[in-house]
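>>> Got a predicted model here, sequence first, then my questions.
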Amino acid sequence: MIKTRNLASAAALTLVLISSNGWTQAEPVPAAASPAAAATDPVVKIEQGKVQGVIVNDVAVFRGLPFAAPPIGELRWRAPKPPAKWSEVRVADTFGGNCAQAEDCLYLNIYEPVDAKPTSKLPVMVWIHGGAFVFGSGSVYDGSQFAKQGVIVVTINYRLGRAGWFAHPALTRENPKGPLGNYGLLDQIAALQWVEDNIPKFGGDKDNVTIFGESAGAISINYLMLAPQARGLFDKAIAQSGFGRLPAMPLHTDDGSRSAEQIGVRFAEKLSIKGTDAAAVKALRAVPWAQLITGQGAVGSPDATLPIADGKLITGSAVEGFNKGAQAPVPYLLGGNSDEASLTRRSINAAERLAAIQEGREAFLAAFDPESSGNAERIMARLVTDTSISEPDRALARLHAQRGAPTYIYHFSYTPLSQRDTVLGLAHGGEIQYVFNNPRGGGSFDEEGKKIAEAANKYWAEFAKTGNPGAAGGPTWPKFDAADESLMEFPAGGIPIVQHHFHSQRLDLAEKLATKQQ
């Protein structure tokens with residue numbers, strides 16, 4: 001058995017030391033520029049009124065469609081309300097507000113084939129962005145490459161920071177039956193309801209909807225899998241780097257330990273707002289936006305704004321929920337990257353932490369340093385990657401497959417040839433540009449990268465179409481099951497490879513650590 005005093009501290013990076021400047025995803029997939037709407041641009045009549053999109057690079061794009069009323073004033077910290085209707089044609093050529101920058105931000109965007117018709121019944125993918133629940137926007141992800149494969153892509157916003165993940169005893173008293181705290185997750189559910197109500201008008205099949213997301217978005221995917229309120233609003237799910245063992249913050253504690261309500265009270269008292277009555281709620285809802293977002297914390301800070309175990313929407317970690325069999329029995333694809341530890345300060349005290357591992361050291365080094373390199377930074381990066389993403393993914397895949405639901409798992413180890421001598425693997429969020437087949441920052445892929453991007457985009461699209469990623473022009477992606485625990489690796493060389501019991505020695509040690517910490 002491995003002695004885990006400092007080893008546990010390394011694993012706890014996934015839960016404690018992911019800081020606001022450490023949890024950063026790769027540069028987002030850039031969205032195309034917005035041209036002026038023309039008379040020939042597509043017009044669709046939805047529940048709220050007519051909308052006119054634009055044609056960009058042979059794809060029909062509708063930007064800035066409101067899926068809920070602005071959550072401002074009396075609607076702050078309430079479940080989202082339906083959007084208002086309009087009488088004139090709404091020109092949908094401009095993205096809506098960013099939820100990290102404005103409170104009026106509940107908008108979505110649609111990318112679809114130019115020849116889509118209301119009778120087309122195309123598969124639909126709904127993207128939930130990452131950003132540690134404090135930053136990010138659906139508008140920066142371009143779904144055009146999926147649209148060119150016959151898939152409609154919807155990218156959404158949801159409330160972030162204190163606007164989206166906040167609790168206070170006064171709010172609990174106002175709404176004792178809940179749900180409470182997770183207003184960003186309620187926004188995601190409202191967007192899915194909007195898709196169910198409206199996507200047939202765009203040619204989408206409301207009975208073939210895949211939700212997918214990365215990092216905070218993947219955490220959200222896993223919670224949507226478990227939320228009764230989301231049941232029936234999607235048919236498949238993809239979680240990219242989903243932190244399956246990340247615990248939800250308790251709404252309330254009796255012993256004075258850290259809770260969402262405690263954090264909310266501390267924030268309110270800084271503004272001289274006290275009490276738990278209606279006056280306190282009114283004062284909180286009147287706090288100006290600039291003050292609302294000042295000093296809000298990301299993961300690891302005392303004032304972190306994170307998903308909350310309110311007992312209605314969220315009850316605990318994803319692994320805990322899957323272990324109870326509470327997840328939707330839908331096809332599920334999940335995985336992570338080879339250097340998820342890129343979002344931590346992995347180099348700080350790596351040598352010290354490695355030196356502290358004494359009991360079971362030989363087995364540990366055989367698993368995490370088979371090259372006998374002695375490179376402490378690389379070894380501890382592998383450990384943090386496995387404890388935060390790879391092992392929890394394996395646990396979720398095992399639990400989902402045990403219940404007979406189609407399950408597929410991946411591992412992205414591909415890095416551009418020009419970077420392989422300087423990086424430890426593919427960074428957190430690094431797979432997004434390949435999944436969307438759209439180089440970030442206006443750059444370009446190398447020849448291997450082009451193959452990886454084309455393959456990933458096709459596998460994801462095929463999964464959205466059928467619930468099975470299939471061959472996608474490469475090797476057939478097998479289901480994950482107890483017999484061989486198959487996994488699709490996206491490696492150097494540009495050709496995906498099927499692996500079996502991938503990194504099992506490393507993940508078994510990570511699992512022992514995780515269960516010991518419970």
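Here it is on my side, so go on.

>>> Contacts only, for residue 405.
Residue 405 is in contact with 329, 330, 331, 332, counting by C-beta atoms under 8 Å, 6 or more residues apart in numbering. Every C-beta, even on glycine, is put in place using the N, C-alpha and C of the backbone.

>>> do that again at 10 Å, thanks
Going by C-beta atoms under 10 Å, 6 or more residues apart in numbering, residue 405 touches 327, 328, 329, 330, 331, 332, 399, 467, 479.

>>> so what's the last one up against?
Residues near residue 479 by C-beta under 10 Å, 6+ apart: 331, 397, 401, 405, 406, 407, 408, 409, 468, 469, 486.

>>> Which pLDDT value belongs to it?
Note on residue 479: pLDDT of 98.

>>> Look up which helix or strand it falls in, please.
According to DSSP states H and E, residue 479 maps onto no helix or strand at all.

>>> now the residue nearest to residue 503 when sequence neighbours are not counted: how far from residue 94?
What sits nearest to residue 503 in space, not counting adjacent residues and going by C-beta to C-beta, 6 or more residues apart in numbering, is residue 390, at 6.7 Å. Distance from residue 390 to residue 94, counting by C-beta to C-beta, to the nearest Å: 40 Å.

>>> more neighbours, those two?
residue 390 (25 against 12; other C-beta atoms under 10 Å).

>>> Listing request: residues of the stretch 1-150 of the chain with sub-threshold pLDDT.
Along the stretch 1-150 of the chain, segments meeting pLDDT under 70 span 1-39.

>>> in it, which spans are strands?
Along the stretch 1-150 of the chain, counting by DSSP state E, counting those that start in this stretch, strands occupy 43-45, 50-52, 54-56, 59-66, 90-91, 107-113, 122-128.

>>> Residue 378 is nearest to which of those strands?
strand 122-128 (31.7 Å; C-beta to C-beta).

>>> now the closest one: how far from the chain's centre is it?
14 Å (C-alpha atoms, centre = their mean, to the nearest Å).

>>> how far off strand 107-113 does that strand point, in degrees?
140 degrees (axes from the mean of the first three to the mean of the last three C-alpha atoms, to 10 degrees).

>>> Now for the contacts of residue 405, which sits with the most neighbours around it?
That'd be residue 332 among the contacts of residue 405, by other C-beta under 10 Å, with 27 neighbours.

>>> circling back: any idea which of the contacts of residue 405 is closest to residue 338?
residue 332 (21.4 Å).

>>> Quick check: can you list the domain ranges of the chain?
1-17+344-518, 58-329 (automatic domain parsing).

>>> Nearest to residue 46, out of these?
Going by C-beta to C-beta, the one of these nearest residue 46 is domain 58-329, 4.5 Å.

>>> mind checking how far residue 416 is from residue 391?
Residue 416 is 27 Å from residue 391, by C-beta to C-beta.

>>> cool, residue 154 as well?
On the measure of C-beta to C-beta, residue 154 and residue 391 end up 31 Å apart.

>>> Alpha carbons of the host helix or strand of residue 401, in CSV - could you do that?
Element membership for residue 401 (DSSP H and E) is helix 391-402. Taking C-alpha atoms only, helix 391-402 is exported to CSV below (Å, rounded to 0.1, in the frame of the first residue of the first chain):
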residue,chain,number,x,y,z
GLU,A,391,-9.4,7.4,-13.0
PRO,A,392,-12.7,9.1,-12.3
ASP,A,393,-13.6,8.7,-16.0
ARG,A,394,-12.8,5.0,-15.8
ALA,A,395,-15.0,4.7,-12.7
LEU,A,396,-17.9,6.5,-14.4
ALA,A,397,-17.5,4.3,-17.5
ARG,A,398,-17.5,1.1,-15.4
LEU,A,399,-20.6,2.2,-13.5
HIS,A,400,-22.5,3.2,-16.7
ALA,A,401,-21.5,0.1,-18.6
GLN,A,402,-22.6,-2.1,-15.7
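
>>> just checking, what packs against the following helix or strand past that helix?
The C-terminal neighbour of helix 391-402 among helices and strands, as given by DSSP H and E, is strand 407-412. Using 3 or more C-beta pairs under 10 Å, 6 or more residues apart in numbering; DSSP states H and E as the contact test, the elements touching strand 407-412 are strand 236-240, strand 332-337, helix 391-402, helix 432-435, helix 447-466, strand 486-490, strand 497-500.

>>> Taking strand 332-337 as reference, get the angle to the fifth one.
This points to helix 447-466. 160 degrees.

>>> quick one on the thing from earlier: could I get the buried residue list for the helix holding residue 401?
Counting neighbours by 16 or more other C-beta atoms under 10 Å, one finds that the buried residues in helix 391-402 are 391, 392, 393, 394, 395, 396, 397, 398, 399, 400, 401.

>>> What ranges does the stretch 251-400 of the chain have for its strands?
308-309, 332-337.

>>> Pull up the pairing partners for the first one, direction included.
Same thing as strand 308-309. Partners of strand 308-309 in the sheet, by DSSP bridges, are strand 249-250 (parallel).

>>> For stretch 91-108, which residues meet the burial criterion?
Buried-residue list, stretch 91-108, by 16+ other C-beta under 10 Å: 91-93, 95-100, 103, 105-108.

>>> quick revisit: report the rounded mean pLDDT for the helix holding residue 401.
98.

>>> Check stretch 214-227 too.
Confidence over stretch 214-227 (mean pLDDT, whole number) is 98.

>>> got the buried residues for that stretch?
214-227.

>>> Any chance of a markdown table for those residues, columns distance to residue 379 and secondary structure?
Below are the buried residues of stretch 214-227 laid out as a markdown table (distance: C-beta to C-beta, whole Å; DSSP: H, G, I helix; E, B strand; the rest coil):
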| residue | distance to residue 379 | secondary structure |
| --- | --- | --- |
| 214 | 26 | strand |
| 215 | 24 | coil |
| 216 | 27 | helix |
| 217 | 29 | helix |
| 218 | 26 | helix |
| 219 | 27 | helix |
| 220 | 31 | helix |
| 221 | 30 | helix |
| 222 | 28 | helix |
| 223 | 32 | helix |
| 224 | 35 | helix |
| 225 | 33 | helix |
| 226 | 34 | helix |
| 227 | 38 | coil |
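
>>> mind giving me TSV with the residues you listed and columns for distance to residue 508?
As requested, the buried residues of stretch 214-227 are exported to TSV (distance: C-beta to C-beta, whole Å):
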residue	distance to residue 508
214	26
215	25
216	28
217	29
218	23
219	24
220	29
221	26
222	22
223	27
224	29
225	25
226	26
227	31
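
>>> wait, which of those is closest to residue 42?
Nearest member of the buried residues of stretch 214-227 to residue 42, counting by C-beta to C-beta, is residue 217, at 27.5 Å.

>>> before we move on, back to that, pick the most buried one from the domains of the chain.
Ranked by mean neighbour count, the domains of the chain are led by domain 58-329 with a mean of 20 (mean count of other C-beta atoms under 10 Å).

>>> start to end distance for that domain?
36 Å (C-alpha to C-alpha, to the nearest Å).

>>> How far does that domain sit from its chain's centre?
Distance, centroid of domain 58-329 to centroid of chain: 11 Å (C-alpha atoms, centre = their mean).

>>> next one: stretch 447-465
On C-alpha atoms, centre = their mean, the centre of stretch 447-465 falls 19 Å from the chain's centre.

>>> Also stretch 405-418?
16 Å.

>>> could you give the mean pLDDT of that stretch?
97.

>>> First-to-last residue distance for it?
Termini of stretch 405-418 sit 40 Å apart (C-alpha to C-alpha).

>>> excluding its backbone neighbours, what's nearest residue 114?
Going by C-beta to C-beta, 6+ apart, residue 114 has residue 60 as its nearest residue, at 5.0 Å.

>>> Which residue would you name as the spatial centre of the chain?
residue 217 (1.6 Å; C-alpha atoms, centre = their mean).

>>> Tell me who's in contact with it.
25, 127-131, 133, 136, 138, 141, 156, 158, 188, 211, 238-242, 432.

>>> what separates it from residue 182, distance-wise?
In terms of C-beta to C-beta, residue 217 sits 14 Å off from residue 182.
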